[in-house]
Structure formats: C-alpha cells, structure tokens
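Colleague: only geometry, no sequence info:
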Ligand SMILES: [Zn+2]
C-alpha cells in the first residue's frame, strides 16, 4: 500500500516538473507507472518440493570452507546460465533473500525489492502511527523508486532495456540539478577525521535520499487526508508533524569506529547516517516550517537543492 502511495506521488512530481522535455517526461511517467515491487518473500519458498529441487544439484563438502565457496559460485553461475531465454517472471529466486534488512532497485526489471526483514521494528509496524511508517519504510521505498531515475537507472526504459530516452536539453538540466547536490555534500565535513564528503561519489544515493524523503512526506499527507488525525507518541512532547521528521532521522542512528567511517567516506556511495538526515531535511522547506528554523540557518539554507 505504501508503495502505491509513494508511486503516485512520484507521478504527481513528474507531472508538475518544469525542467523536463515533454517526450522525456512521458517516458519517465511510463517508467514509474510500470514500476513494480517484490514485497516480503516469494511464495515458492514455502513449497518444500520446489526448494529441494532448487538445491538438488548443489553438493557441499563438510568442513571445507574455501572449497564450498567455490562450489557455490559455480552452482550459482550454472543456474544463472541455465535460465537463458526464460521469462524473468518465472525466475522467482531472483528476488532477494527475505532475511536481508535492506531494499533494492533493479533497473533490469524496473522493480524494487522490499524483503520481509524490512517489514518490522524501526521500519514498519502495522499498529503504530503511520507517520512513523511513512517516515521510515516510505522513505526507503521512495529512495528505491528514485534510483530508477538516477544516473544509472535513467539509462533503462520501463521494461528494463538499455535505452537512452532522455533528450539532451533535459539531460543537461538534470546534471545541473545534480551538481547542486554534489556541491552541497562536498561542503559537509566529518570533524573527527578532518575529512569532507565526496559529493560526486555519493551523488546517486544522496539524490535518492532527497527524493525518498520528499516522496514519503507527500505520500503521508495524501494517506492522512480524510482520516482522523493520528495521536502523538506517549511520553514525548512532540506533535505528529515533528514526529514524522524524528521518525525519518531515527533509523539512521549508527555507531561506527573511526576506521569504518573513514572507509565509508572513501569508498561507499552512501553518505554516513548523519548526512542522510541533515542533507535531505535541509533541502525540504516543510522541515524548517515545522521546526521554525530561520532562513539562512544550518537546516534552512538559502540555497536548496532538489532534483525530483
Ligand atoms: Zn540507494
């Protein structure tokens, strides 16, 4: 359900956008409308016969770790090759493992994956206020949908075929908007390491975070329309509109060693958690309105970046 709400918001954003050429915009609309999701787990994993068949050619050697890794790699590759010519819809095991706490977008299928392990805890609970579910789970769904339109995702059409459907003018405007975010994130420093972020390395993920959070907010507003107002959380002084932002920030809490953080800054396309909060929230005017941040302050800068 949340997926549908977020998708609808992306459609709305595309329809209102003024920097896309008409034909490119129509292709983008087609692509987002065709986007689908694998949610939780494939039904087939509950069928023991199918699962036994699936593993029947895999013979592992007890106690030989390296040998087993090689056997698994070989088995995986042979299985992949044996699927040549089959429809992707028949390849149920291509969905990610249900126990992974993460979400993915696959441009080759134009599908997002939301494994079962994500549908719990800080990300989603059906009996808690939905401003929290949209803020976390909705944020992730929006993030993955946005990947369909980042520098890699945009090279594929609505069926997952490699195809350049961007006119030159739209493409150069897109790049300008990304440049704004590259500059923004280049300006973030990690004091304990005396290092700065690389806005270029992390541009796709930052764009997805920005799009994702905006989509989550709009989707929650659409969901809440016509419903009775949800209650605040017991014991906290915050209003539901503040709790949306707190919920969206909460799940990026992390504890890292300095060397892990350094490694992330040098190699990981994902910004450290704190910047996944500060970056998108300081670009969205509704955040500053809710918390009364004066224009020109850290969380309400005059120059804001937005792609979608
Ligand atoms: Zn991502």
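Modeller: Nice, thanks for sending it over. Because the structure is predicted, anything quoted here is derived from the model rather than measured.

Colleague: from here on, contacts and neighbour counts on C-alpha atoms
Modeller: Noted.

Colleague: spatially central residue for the protein, please.
Modeller: residue 143 (2.6 Å; CA atoms, centre = their mean).

Colleague: who's in contact with it?
Modeller: Going by CA atoms under 8 Å, 6 or more residues apart in numbering, residue 143 touches 208, 209, 210, 211, 212, 213.

Colleague: may I ask which helix or strand encompasses the residue nearest to the second one when sequence neighbours are not counted?
Modeller: By the measure of CA to CA, 6 or more residues apart in numbering, the closest residue to residue 209 outside its immediate chain neighbours is residue 143, 5.4 Å from it. Counting by DSSP states H and E, the secondary-structure element that holds residue 143 is helix 139-147.

Colleague: next secondary structure element downstream of that helix?
Modeller: Of the helices and strands lying after helix 139-147 in sequence (DSSP H and E), the nearest is helix 168-186.

Colleague: from the chain's centroid, how far away is that next one?
Modeller: 19 Å (CA atoms, centre = their mean, to the nearest Å).

Colleague: and the next helix or strand after that helix, how far out from the chain middle?
Modeller: Scanning forward in sequence from helix 168-186 by DSSP H and E, the next helix or strand is strand 189-190. Going by CA atoms, centre = their mean, the spacing between the C-alpha centre of strand 189-190 and its chain's C-alpha centre is 24 Å.

Colleague: who does strand 189-190 touch, helix- and strand-wise?
Modeller: strand 195-196 (3 or more CA pairs under 8 Å, 6 or more residues apart in numbering; DSSP states H and E).

Colleague: who does the strand it packs on pair up with?
Modeller: According to DSSP bridges, strand 195-196 forms sheet pairs with strand 189-190 (antiparallel).

Colleague: on the three-state scheme, residue 113 is what?
Modeller: Assigned by DSSP: H, G, I helix; E, B strand; the rest coil, the conformation of residue 113 is strand.

Colleague: quick one: contacts for it?
Modeller: Residues in contact with residue 113, defined by CA under 8 Å, 6+ apart, are 37, 38, 39, 95, 96, 103, 104, 105, 106.

Colleague: try residue 165
Modeller: By CA under 8 Å, 6+ apart, the residues touching residue 165 are 24, 27, 155, 157.

Colleague: for the last one, the count of nearby residues, please.
Modeller: For residue 157, the tally of surrounding residues (other CA atoms under 10 Å) stands at 24.

Colleague: now do the spatially closest residue to it that is not a sequence neighbour, the pLDDT please.
Modeller: Nearest residue to residue 157 in three dimensions, chain neighbours excluded: residue 163, at 5.9 Å (CA to CA, 6+ apart). Note on residue 163: pLDDT of 91.

Colleague: what distance do you get for residue 163 to residue 27?
Modeller: 11 Å (CA to CA, to the nearest Å).

Colleague: which neighbours do the two share?
Modeller: Contact with both residue 163 and residue 27 is made by residues residue 157, according to CA under 8 Å, 6+ apart.

Colleague: if you count surrounding residues, which of those two has more?
Modeller: Between residue 163 and residue 27, residue 27 has the larger neighbour count (other CA under 10 Å), namely 15 against 11.

Colleague: I'd say the residue nearest to residue 157 and residue 153 touch.
Modeller: No. Between residue 163 and residue 153 there is no contact under CA atoms under 8 Å: 10.5 Å.

Colleague: identify the contacts common to those two.
Modeller: Common neighbours of residue 163 and residue 153 are not found (criterion: CA under 8 Å, 6+ apart).

Colleague: pop the domain breakdown of the chain in here.
Modeller: According to automatic domain parsing, the chain comprises the domains 2-41+97-291, 43-92.

Colleague: hey, which of those is tucked in deepest?
Modeller: Among the domains of the chain, ranked by average contacts under mean count of other CA atoms under 10 Å, first place goes to domain 2-41+97-291 (a mean of 18).

Colleague: pull up the distance across it, start to finish.
Modeller: End-to-end distance for domain 2-41+97-291, by CA to CA: 26 Å.

Colleague: just want the angle from the longest helix seen in the chain to helix 139-147.
Modeller: In the chain, ranked by residue count with DSSP state H as the criterion, the top helix is helix 203-224. Taking axes from the mean of the first three to the mean of the last three CA atoms, to 10 degrees, one finds helix 203-224 and helix 139-147 inclined to each other by 120 degrees.

Colleague: which residues of the protein fall in helices?
Modeller: Using DSSP H, helices in the chain cover 2-16, 22-34, 48-55, 65-82, 130-133, 139-147, 168-186, 203-224, 240-250, 258-267, 273-283, 285-291.

Colleague: identify whichever of these lies nearest to residue 91.
Modeller: Closest to residue 91 of the helices of the chain, according to CA to CA: helix 65-82, at 9.7 Å.

Colleague: any regions of this protein where pLDDT drops low?
Modeller: 89 (pLDDT under 70).

Colleague: repeat that with 90
Modeller: Regions of the chain meeting the criterion pLDDT under 90 cover residues 1-2, 42-45, 50-51, 53-54, 57, 59-64, 79-80, 82-98, 121-122, 251.
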